[in-house]
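Asker: Structure, please.
(one chain, ligands or ions: 2)
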Amino acid sequence: MREIKKAALIGLGAIGGFAAPGLCKALGSENFCVIAGGERRMRLERDGVIINGKQWKFQTAEPSWESRPADLIILSVKYTALDQAIEDIRNQVGEHTVIMSLLNGVESEERIKAAYPDNEVLYSVIRVPALHHGNEISFPVGAGKISFGQAYNDTLSETVCSVRDVFEKGKIPYEVPKDMLRNMWHKFMTNVSENQSAAILRVPYGIWTISEDANELREQAAREVIAIAGKKGIHLTEEDLLEHRTYFESAPFYGKPSTLQDIEAGRKTEVEMFAGAVIRMGKELGIPTPYNQMFYHCIKTLETWNDHQPDHKQDDA
Ligand SMILES: NC(=O)C1=CN([C@@H]2O[C@H](COP(=O)(O)OP(=O)(O)OC[C@H]3O[C@@H](n4cnc5c(N)ncnc54)[C@H](OP(=O)(O)O)[C@@H]3O)[C@@H](O)[C@H]2O)C=CC1
Ligand SMILES: CC(C)(CO)C(=O)C(=O)O
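Answerer: Numbering: from 1, shown residues only. Ligands and ions are numbered 1, 2, ... in the order given. Model prediction:
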């Protein structure tokens with residue numbers, strides 16, 4: 001089995017901060033680097049990042065630097081920065097480099113595979129409510145995990161085992177689901193329905209414990225994902241929707257999905273990988289997606305409004 005001895009990460013934000021300390025601990029600081037260019041790299045070198053109250057200064061690498069290829073590269077940028085990140089990792093990619101994307105959505109793996117067709121790209125998603133303000137990153141310790149693997153993991157491939165070993169060594173919480181595609185699409189279904197309706201209505205998770213109207217809106221959008229998934233052979237069901245209702249009982253009442261945080265902070269959202277993707281796939285497969293079409297236009301409207309209100313950004317606390 002090929003051992004992972006060197007890793008690189010691109011996107012040291014809320015989610016990058018979840019994985020980076022463990023990778024550094026598992027492999028040693030000389031075998032782990034954060035890829036970042038120009039001013040961003042200078043900032044990371046100068047200030048580092050504060051992760052749950054502790055300062056970390058990881059080794060950094062300019063995208064233009066030639067280097068020994070990494071055995072593992074993790075992408076944890078927002079969707080709006082994905083194309084650039086895919087190019088920026090190029091000098092760290094070698095013949096045997098395994099690539100993982102912690103982005104939400106169901107498309108980033110395909111995009112990476114298109115750019116690096118000869119490399120192994122594992123599927124992965126992360127479930128953790130993480131925050132990022134300035135150079136401070138925080139998340140509840142012990143509350144999140146990375147799900148990763150091949151599409152199906154009845155038996156674990158050598159690559160999955162080698163990544164698992166690094167996660168074990170670095171104490172990075174993880175699981176390898178038997179049906180990784182279903183796991184990823186389940187998260188996609190929840191993001192498409194929760195993130196977008198919360199962003200449009202400007203309401204936190206608690207709304208789904210007190211409003212049937214909010215649940216109706218959320219679940220109608222989720223049903224469009226279920227229909228698309230079904231056509232692709234991925235088994236999501238009405239039972240999944242029912243079962244997911246219980247999640248909100250334990251979610252922080254005033255907690256906000258990342259799309260609402262983006263809107264409130266005046267940032268561009270990841271709507272293209274949520275409603276944008278649902279609309280595109282719906283067209284390809286002949287499945288109507290009226291809720292996601294409405295969500296798409298509402299979120300684009302809020303982004304445009306933000307662009308015209310440079311001094312009107314709210315705190316995303
Ligand atoms: N936050 C959360 O709770 C969760 C997020 N996710 C998903 O994880 C993904 C990442 O989100 P999140 O961590 O919140 O986003 P953040 O904005 O916190 O982090 C992204 C980081 O990427 C950096 N970056 C962007 N472009 C480049 C580049 N070309 N080279 C190097 N660094 C770059 C940014 O740097 P800079 O700040 O300098 O611009 C930023 O630090 C998203 O798809 C999100 O949906 C999934 C689950 C939960
Ligand atoms: C925090 C979490 C896991 C669920 O809402 C998320 O994926 C997001 O906010 O984008």
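
Asker: Look at the closest residue to Glu272 other than its chain neighbours and say how many residues are nearby.
Answerer: Nearest residue to Glu272, sequence neighbours excluded (Cβ to Cβ, 6 or more residues apart in numbering): Tyr79, at 6.3 Å. Every C-beta, even on glycine, is put in place using the N, C-alpha and C of the backbone. For Tyr79, the neighbour count with other Cβ atoms under 10 Å is 21.

Asker: gap between Leu236 and Glu107?
Answerer: Separation of Leu236 from Glu107 (Cβ to Cβ, to the nearest Å): 17 Å.

Asker: er, Lys57 I mean
Answerer: With Cβ to Cβ as the criterion, Lys57 and Glu107 are 33 Å apart.

Asker: same deal with Glu270?
Answerer: For Glu270 relative to Glu107 (Cβ to Cβ), the value is 11 Å.

Asker: One more: Asn91?
Answerer: 24 Å.

Asker: Do you know the pLDDT at Phe167?
Answerer: Listed pLDDT for Phe167 reads 98.

Asker: for the longest helix seen in the chain, packing partners?
Answerer: The longest helix of the chain (DSSP state H) is helix 212-231. Contact analysis of helix 212-231 by 3 or more Cβ pairs under 8 Å, 6 or more residues apart in numbering; DSSP states H and E lists helix 180-190, helix 196-201, helix 207-210, helix 238-244, helix 275-285, helix 290-307 as its packing neighbours.

Asker: deepest of the ones you listed, which one?
Answerer: Burial of those is given as mean neighbour count (mean count of other Cβ atoms under 10 Å); helix 196-201 ranks first at a mean of 24.

Asker: packing partners for it?
Answerer: helix 212-231, helix 258-264, helix 290-307.

Asker: Tell me if the longest helix of the chain is near ligand 2.
Answerer: No - Helix 212-231 stays out of contact with ligand 2 when judged by Cβ under 6 Å from any ligand atom, the minimum separation being 11.8 Å.

Asker: for that helix, the distance to its chain's centre please.
Answerer: Relative to the centre of its chain, helix 212-231 is centred 20 Å away, using Cα atoms, centre = their mean, to the nearest Å.
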